[in-house]
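Colleague: What shape does this take:
(one chain, ligands or ions: 2)
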Amino acid sequence: MYSTIKNICCIGAGYVGGPTMTVMASKCPDLNFHVVDINKERIKAWNNEDLSKLPIFEPGLKEIIASTRNKNLFFSNKVKNAIESSDIIFISVNTPTKTKGLGAGKSSDLKWVEASAREVARFSKGHTIVVEKSTLPVRTAEVIQNILNSVDFNSSKNDKSFSVLSNPEFLSEGKAIEDLENPDRVLIGGEDKSAMSLLSQIYESWVPKEKILFTNIWSSELAKLTSNAFLAQRVSSINSISAICEVTGANIREVSRAIGKDSRIGSKFLDSGPGFGGSCFKKDILNLVYLAEYFGLEEVAKFWEEVININNWHQKRITKIVVKKLFGTISQKKIVILGFAFKANTNDTRESAAIRICKDLIEEGAELVIHDPKVNPQQIEIDLGMKQFSEIKNENIDNSNNNCGSWTFSKNLNIFDNAHAVLVLTEWEDYKNIEWVHVEKKMARPSWLFDSRSIVDVDLVKKSGINLWSLGDGSLKNETNDF
Ligand code: NAD
Ligand code: UGA
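Modeller: Ligands and ions are numbered 1, 2, ... in the order given. Modelled structure (predicted):
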């Protein structure tokens, strides 16, 4: 087994680094895992005694943290110390889309990866296996290898050597622990067979050998981008069909069920919704588009770009429907927003459809009351680029000449009084059991419920008297409530 190694380091304590190392620590109790980050607040939160205050919410995470933290799992800001003592170093830092310079808007910004590689080059000792865990453009391993080989280490240069491997992460948020404990596959790309075998042995502590795939390093990097592009493409495909359902009388759930039974298509990832969000789908497709353009493959680039274009169009489409159903104006109308996270079971809001939709509704003059069980109002303020109404009032800012709407946050669901509409944006369990009959009595009339996740019981809503629009349900089209 991997008896030659003792310490493993992960640079980056985010949505990937944190849960990944936590699960590894629980499966390999004889190894020490050091998760390091430059963000002091984040590390402080990972070390919080109160496990409900960890920096990220994932079902099952806090239970494993409780049994591993400060035993063989350590969170700290001591990047240098962790690198010095480690035999394997995972790089799991953020790789967002570049906002300026060459490739802006499409290619990944690799400055955090480069900084990490430089730290590894400076502080590592002896032979170190450097593992790309972040999602990276194809051929980044070459860049990392160049940095590792070219940094001036002075006299200690000869003591250092490196093997670079690609080991992309396929976990999805909200079920990260489940995905890590029972992955569909583990992908290891590289050239150094003994380094690949060592990394494989760690995974073999809990992953069946036949699920561990070996490829060359470029296939591994490209497979990660392709996997996300295919998944996002499915969501855009089903969302585009939802629009056809609404005008033809078909029902998207029925269509999904029917096509999903074809074993060549499969039933997963066919839920229509308000448009895909999350930190990776858009970024990784843009990366693929950039790669195709770089190599002169314009048609390939256009094909994948369309997956994002449809997603943007779809999000706008939802706002337009809300405005249209509410008699063409939502100015000063109270709209309850159920859910702000990009999907259920996470506190992550990155690229959430709720951001675009809420911004558009506020621009139309709506007064939003936003509820989410895990997202905090400070994050919503950052995402919307706007303070809560109560804070604007406290600071005595004159908003009267501004046609723009407002938002407030509520921790509970006592928020339906005088609301003109309710818009479901995240599929949290809490929203599936709302008693619409009681809600109707509190709302302004005619009241509307817009369900972009198709999670409410259509019959119960109909019985309550609330007008219902449910994404992709064409059967609601011809009823009296259609404007
Ligand atoms: P994140 O932003 O949550 O975390 C990245 C962390 O890296 C941050 O805490 C940041 O402070 C830290 N960091 C940046 N530079 C550093 C440095 N030089 N030294 C130490 N720490 C540094 O990002 P994430 O969601 O964990 O994603 C990380 C990577 O994994 C990305 O490439 C992403 O595409 C990929 N990925 C993400 C997911 C997901 O579900 N979020 C899934 C699979 C793959
Ligand atoms: C996605 C992939 O599923 C992971 O395999 C990958 O590791 C990860 O990206 C990454 O590289 O970051 P994640 O973004 O966490 O994971 O969540 P998903 O479950 O894929 O959902 C993405 C978005 O698509 C969400 O907004 C979700 O609501 C939406 N979605 C998903 C649908 O609208 N319908 C579906 O059927 C599935």
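Colleague: List the buried residues for stretch 183-192?
Modeller: Using 16 or more other CB atoms under 10 Å as the test for burial, stretch 183-192 gives Pro183, Val186, Leu187, Ile188, Gly189, Gly190, Asp192. Placement of C-beta: from N, CA and C, glycine included.
Colleague: which secondary structure element contains the third one?
Modeller: Same thing as Leu187. For Leu187, the element it lies in under DSSP states H and E is strand 186-189.
Colleague: Other residues contacting that strand?
Modeller: With CB atoms under 8 Å, 6 or more residues apart in numbering as the test, strand 186-189 has contacts from 141, 165-168, 170, 196, 199-200, 203, 207, 211-221, 223-224.
Colleague: Inside helices: which ones of the residues you listed?
Modeller: Counted as lying in helices by DSSP state H, out of these, are Ala141, Met196, Leu199, Ser200, Tyr203, Ile217, Trp218, Ser219, Ser220, Glu221, Ala223, Lys224.
Colleague: Just flag the most distant two among those residues.
Modeller: Within these, Tyr203 and Trp218 form the most distant pair, 21.0 Å apart (CB to CB).
Colleague: Compare those two (neighbour count), which wins?
Modeller: Tyr203 (19 against 15; other CB atoms under 10 Å).
Colleague: now the end-to-end length of stretch 4-14.
Modeller: 28 Å (CA to CA, to the nearest Å).
Colleague: Is it in proximity to ligand 1?
Modeller: Yes - Stretch 4-14 is in contact with ligand 1 by CB under 6 Å from any ligand atom, via Ile11, Gly12, Ala13, Gly14.
Colleague: Most neighbours among these, which one?
Modeller: Ile11 (29 neighbours).
Colleague: wait, doesn't that residue sit right on Ser92?
Modeller: Yes - counting by CB atoms under 8 Å, Ile11 touches Ser92, with 6.5 Å between them.
Colleague: what do those two both touch?
Modeller: In contact with both Ile11 and Ser92: Gly17, using CB under 8 Å, 6+ apart.
Colleague: Report the contact partners of the closest residue to Ser464 other than its chain neighbours.
Modeller: Nearest residue to Ser464, sequence neighbours excluded (CB to CB, 6 or more residues apart in numbering): Trp436, at 4.0 Å. Listed by CB under 8 Å, 6+ apart, the contact set of Trp436 reads Leu449, Val456, Leu460, Val461, Lys463, Ser464, Ile466.
Colleague: Those residues in strands, which ones?
Modeller: Judged by DSSP state E, the subset of the contacts of Trp436 located in strands is Leu449.
Colleague: quick revisit: pLDDT wise, what is the residue nearest to Ser464 at?
Modeller: Listed pLDDT for Trp436 reads 97.
Colleague: count of neighbours near the residue in the stretch 151-300 of the chain positioned nearest to ligand 1?
Modeller: Per CB to the nearest ligand atom, Glu169 is where the stretch 151-300 of the chain lies closest to ligand 1, at 4.0 Å. If you count neighbours by other CB under 10 Å, Glu169 ends up with 24.
Colleague: isn't it right next to Leu136, touching?
Modeller: No - using CB under 8 Å, Glu169 is not in contact with Leu136, being 11.3 Å away.
Colleague: quick one: the residue of the stretch 151-300 of the chain closest to ligand 1 from Arg185, how far?
Modeller: From Glu169 across to Arg185, the span is 12 Å (CB to CB, to the nearest Å).
Colleague: returning to that earlier point: once you drop chain neighbours, what's closest to the residue of the stretch 151-300 of the chain closest to ligand 1?
Modeller: Val16 (5.1 Å).
Colleague: Look at that neighbour and report its pLDDT.
Modeller: 98.
Colleague: Identify the residues contacting it.
Modeller: So Val16 contacts Ser92, Lys133, Ser134, Glu169, Leu171 (CB under 8 Å, 6+ apart).
Colleague: show me what contacts Leu460?
Modeller: By CB under 8 Å, 6+ apart, the residues touching Leu460 are Trp436, Val437.
Colleague: need the contact list for Lys282.
Modeller: Thr97, Ala232, Phe276, Ile308, Asn311, Glu351 are the contacts of Lys282 under CB under 8 Å, 6+ apart.
Colleague: Check Leu73 too.
Modeller: Met21, Thr22, Ala25, Asn32, Phe33, Val35, Ile65.
Colleague: need the residues of the stretch 201-350 of the chain near ligand 1, please.
Modeller: So far as CB under 6 Å from any ligand atom goes, the stretch 201-350 of the chain lies against ligand 1 at Ser279, Cys280.
Colleague: just the helices in the stretch 201-350 of the chain please.
Modeller: Per DSSP state H, counting those that start in this stretch, the stretch 201-350 of the chain carries helices over the ranges 217-248, 252-260, 281-294, 298-325.
Colleague: Export those helices as TSV, with columns for distance to Val375 and mean pLDDT.
Modeller: TSV is the format used below for those (distance: least, CB to CB, whole Å; pLDDT from 0 to 100):
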stretch	distance to Val375	mean pLDDT
helix 217-248	21	97
helix 252-260	26	98
helix 281-294	19	96
helix 298-325	18	98
